[in-house]
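Enquirer: Got a sequence here, can you model it:
(6 chains)
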6 protein chains.
Amino acid sequence: MAKETFSHLDPDGNARMVDISEKDDSKRTARARITVSMAKETIAALKAGDIPKGDVFAVARVAGIQAAKRTGDIIPLCHPLMLSSVKVEFETSEEKVTIDAEVTTVGRTGVEMEALTACSGSALTIYDMCKSMDKRIKITDLVLIEKRGGSSGDFVR
Amino acid sequence: MAKETFSHLDPDGNARMVDISEKDDSKRTARARITVSMAKETIAALKAGDIPKGDVFAVARVAGIQAAKRTGDIIPLCHPLMLSSVKVEFETSEEKVTIDAEVTTVGRTGVEMEALTACSGSALTIYDMCKSMDKRIKITDLVLIEKRGGSSGDFVR
Amino acid sequence: MAKETFSHLDPDGNARMVDISEKDDSKRTARARITVSMAKETIAALKAGDIPKGDVFAVARVAGIQAAKRTGDIIPLCHPLMLSSVKVEFETSEEKVTIDAEVTTVGRTGVEMEALTACSGSALTIYDMCKSMDKRIKITDLVLIEKRGGSSGDFVR
Amino acid sequence: MAKETFSHLDPDGNARMVDISEKDDSKRTARARITVSMAKETIAALKAGDIPKGDVFAVARVAGIQAAKRTGDIIPLCHPLMLSSVKVEFETSEEKVTIDAEVTTVGRTGVEMEALTACSGSALTIYDMCKSMDKRIKITDLVLIEKRGGSSGDFVR
Amino acid sequence: MAKETFSHLDPDGNARMVDISEKDDSKRTARARITVSMAKETIAALKAGDIPKGDVFAVARVAGIQAAKRTGDIIPLCHPLMLSSVKVEFETSEEKVTIDAEVTTVGRTGVEMEALTACSGSALTIYDMCKSMDKRIKITDLVLIEKRGGSSGDFVR
Amino acid sequence: MAKETFSHLDPDGNARMVDISEKDDSKRTARARITVSMAKETIAALKAGDIPKGDVFAVARVAGIQAAKRTGDIIPLCHPLMLSSVKVEFETSEEKVTIDAEVTTVGRTGVEMEALTACSGSALTIYDMCKSMDKRIKITDLVLIEKRGGSSGDFVR
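Expert: Down below sits the predicted model:
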């Protein structure tokens, strides 16, 4: 029954934090990706030589790393987790920035929400720093790319 | 020059929190929208009568409201703001959930980042609660719909 | 109708953060009280001369002040507020500690939740510091004592 | 001597975070209970059929789960802990709501403060959502019901 | 009397958050400075051309800005404040990095603690990023440089 | 090469949270020290008999313990850690307060940043509580005193 398919809902349909106390600690990794689409002029300015372009990405990278650490604070039913590593990378093309976040833990549950939250935090920060130039930025295509470790098996999109 | 187009960068290209001390307090509103795409079976389970479906959306609504209040904590260069109101609404179709967030403040700067952050927080929460059923959920099309008040004029997408 | 009596629910019964943007800034004060009941031996030890007894209360006072400042983080539909003042006071009798918290703001909404949250934070901290001696501590009778300022009028219990 | 009975105070009576580094990781559970007393009319409105009553409780449940995760932030001398599970349940009678919170961890110290903090967070949220109808709500009788695991033995009230 | 000279203590010597509700909103600015002393080799590596040296400073700048916003969370008796602007600047010599932070608000109390906290957050972040090379880094000479606005008059060190 | 000496930077010089997933859990301790220099009159008032002097230090001690727990929130590239113990001690002379913080964890990485952050949080709190008397307080000489455990060996300054 549908009731049982949502592990965050108890048999009465109420929210709960899923019990992971019987799971074992193991190394788990997840990678997620998001895209920030902007006008060509915005991205050209972002990439222009006379701007120390590293700074926008440096700020967005910190935002992504911090967001990953705060996932359990932002998403109500996520377990707090001791993250072992967070990496955030950027790639720019003519009309968009693509952000990849990879998160690792040694713990009782996976880190896909942490990777997705890192992507969201970084993308929102790029939006924030470019919004004075462009009100039509779109943050899009946030997906899980890969997930390794844990009892539910590996996943590659 | 590009240097001047990014208000979050000083003339040397370093990040800064833009000075808003000379701006006046005024009522400002922003509305943003995001989409969570899932498999038809996932959304059917989400909408199924035997699940108190309100609960997934209730949790996601709280997450969105809390995320809006924590915007200045998540996005490094955002100003802390006293939000006057936050509303988060959901609409479901056969393959997706659409989330609208509307935020109001009386303050010295606008609330578009707060509305976008509310959308992200709600969407990530829906993802989290449905991910045990569906690993291919996509969070997409996060945009600013409307922005009113403040010196830079109104914007409607 | 009941629908309209809960201001935190919209006409469809969904949670929202009530819109206070049309209200005026004014000075508002609230005072709340809570009781921590313990075994006579526990409270005797707490009051014993050879313990610098101020320390338990000093820690509990800081916890209450910090909890008041974080009310909007702990209670989902509370507005963030700039508190102007927080005071936390303790009175001990033979079997209990009574805690009074008084909070003041100049803002668009009242601070009763802040005063109640300060009381809870202080009481939980006393419980925490005494629980190695006494597992039957009871935190009880948390009420609003007084509320002044704002459009809904003064209240004295 | 009393000095030694409060494990959160060092021999000079100063606050400290008790050293748990020599303890072993083990599964620990705690259950706490709190009561929210209100006027009969308030609880009748809360239970009335035309209000999607789930929403008040859904918001209060999320608040309780989030509060449990933030216990180490709210209570100064609590250790940060990786919670494995948090459950919050409500029962209503004619004049009150009773809230039970159960928290599990695999760690070096117990989770009674987490269960008590979850109860407080949920109760304050119910108060907040009902306060426009009733200024005389009382939050009362917060106690530890049960505690299992760890070196100090099980406790049942 | 000494009792009255510490405004954060009440007449009984207990901590309190000073009442600022009768003060007026006005523009207030504060500037603080801190120094991070390191081995010549560490600072040479930090400044070396083959490292995008901006990144260490970009991360430390974000840390300082975020720390300023969280001052009321870190320092128990500080009032929460709506910061209008935060700027963090770095200057390097042969053996040290000097950090200046300037904070502005329009509010009822000054921002010297915010400027000092920004300096501390930035300095600790530089320490953290350089500590694998140098365990003898010293963070030193944190002072208030200047304070303008408010009823207590301007101050220049 | 310098590129490899900063473990918080990847080979391209971008910030990252260092991967600790292959390290083993072990007991690690760090002790740091900081000095708060003030005018003789300020410290005399702080130590005067008619002020319950414990309170300033009690508040500063709580601030230090809380800051240690929040290190991963304040310093962007720090790993979140489950602290097992935090102790903060004060010593006063004629012109300064010296603060020692000792932090213990059982984990995959050391706690020197936690000890340094505890010192900073306590020192800023003392500054805050004395600043109405003395605008020339200097917070200085923050260093790591000792570090034990972990693969990189022990360190004593």
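
Enquirer: who in chain A is up against chain F?
Expert: Neighbours of chain F within chain A, by C-beta under 8 Å from any C-beta of the partner chain: A:27, A:57-58, A:61-62, A:65-66, A:69-70, A:80-89, A:104-106. All C-beta atoms are positioned from the backbone trio N, CA, C, and that covers glycine.

Enquirer: May I see the PyMOL selection of the buried members of those?
Expert: Buried residues among the residues of chain A next to chain F (16 or more other C-beta atoms under 10 Å in any protein chain shown), as a PyMOL selection:
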select buried, chain A and resi 57+58+61+62+65+66+69+70+80+81+82+83+84+85+86+87+88+89+104+105+106
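
Enquirer: I would like the C-alpha coordinates for the helix or strand where A:S122 lies, written out in PDB, please.
Expert: For A:S122, the host element (DSSP states H and E) is helix A:112-130. Extracted C-alpha coordinates of helix A:112-130, given in PDB (Å, rounded to 0.1, in the frame of the first residue of the first chain):
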ATOM      1  CA  GLU A 112      21.800  12.600  -1.200                       C
ATOM      2  CA  MET A 113      19.800  15.400   0.500                       C
ATOM      3  CA  GLU A 114      23.100  17.000   1.600                       C
ATOM      4  CA  ALA A 115      24.400  17.000  -2.000                       C
ATOM      5  CA  LEU A 116      21.100  18.400  -3.300                       C
ATOM      6  CA  THR A 117      21.000  21.100  -0.600                       C
ATOM      7  CA  ALA A 118      24.600  22.100  -1.300                       C
ATOM      8  CA  CYS A 119      23.600  22.600  -5.000                       C
ATOM      9  CA  SER A 120      20.600  24.700  -4.000                       C
ATOM     10  CA  GLY A 121      22.600  26.900  -1.600                       C
ATOM     11  CA  SER A 122      25.300  27.600  -4.200                       C
ATOM     12  CA  ALA A 123      22.800  28.300  -7.000                       C
ATOM     13  CA  LEU A 124      20.800  30.700  -4.800                       C
ATOM     14  CA  THR A 125      24.000  32.500  -3.900                       C
ATOM     15  CA  ILE A 126      24.900  33.000  -7.600                       C
ATOM     16  CA  TYR A 127      21.400  34.200  -8.300                       C
ATOM     17  CA  ASP A 128      21.700  36.700  -5.400                       C
ATOM     18  CA  MET A 129      25.000  38.100  -6.600                       C
ATOM     19  CA  CYS A 130      23.800  38.500 -10.200                       C
END
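
Enquirer: how far off helix B:112-130 does that helix point, in degrees?
Expert: Counting by axes from the mean of the first three to the mean of the last three C-alpha atoms, to 10 degrees, helix A:112-130 points 170 degrees away from the direction of helix B:112-130.

Enquirer: Now do the contacts for the closest residue to A:F57 other than its chain neighbours.
Expert: The shortest distance from A:F57 to any non-neighbouring residue, by C-beta to C-beta, 6 or more residues apart in numbering or on different chains, is to A:F90 (5.0 Å). The contact partners of A:F90, taken as C-beta atoms under 8 Å, 6 or more residues apart in numbering or on different chains, are A:57, A:60-61, A:97-99, A:122.

Enquirer: elements contacting the following helix or strand past the helix holding A:S122?
Expert: Following helix A:112-130 in sequence order, the next helix or strand is strand A:138-148 (DSSP H and E). Applying 3 or more C-beta pairs under 8 Å, 6 or more residues apart in numbering or on different chains; DSSP states H and E, one finds that strand A:138-148 contacts strand A:26-37, helix A:112-130, strand A:155-156, strand B:138-148.

Enquirer: what do you get if the cut-off is 10 Å, keeping everything else the same?
Expert: strand A:26-37, strand A:96-107, helix A:112-130, strand A:155-156, strand B:26-37, helix B:112-130, strand B:138-148 (3 or more C-beta pairs under 10 Å, 6 or more residues apart in numbering or on different chains; DSSP states H and E).

Enquirer: could I get those as TSV with mean pLDDT and distance to F:D10?
Expert: Converted to TSV, the helices and strands packed on strand A:138-148 look like this (pLDDT from 0 to 100; distance: least, C-beta to C-beta, whole Å):
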stretch	mean pLDDT	distance to F:D10
strand A:26-37	97	16
strand A:96-107	96	12
helix A:112-130	97	15
strand A:155-156	95	23
strand B:26-37	97	31
helix B:112-130	97	26
strand B:138-148	98	27
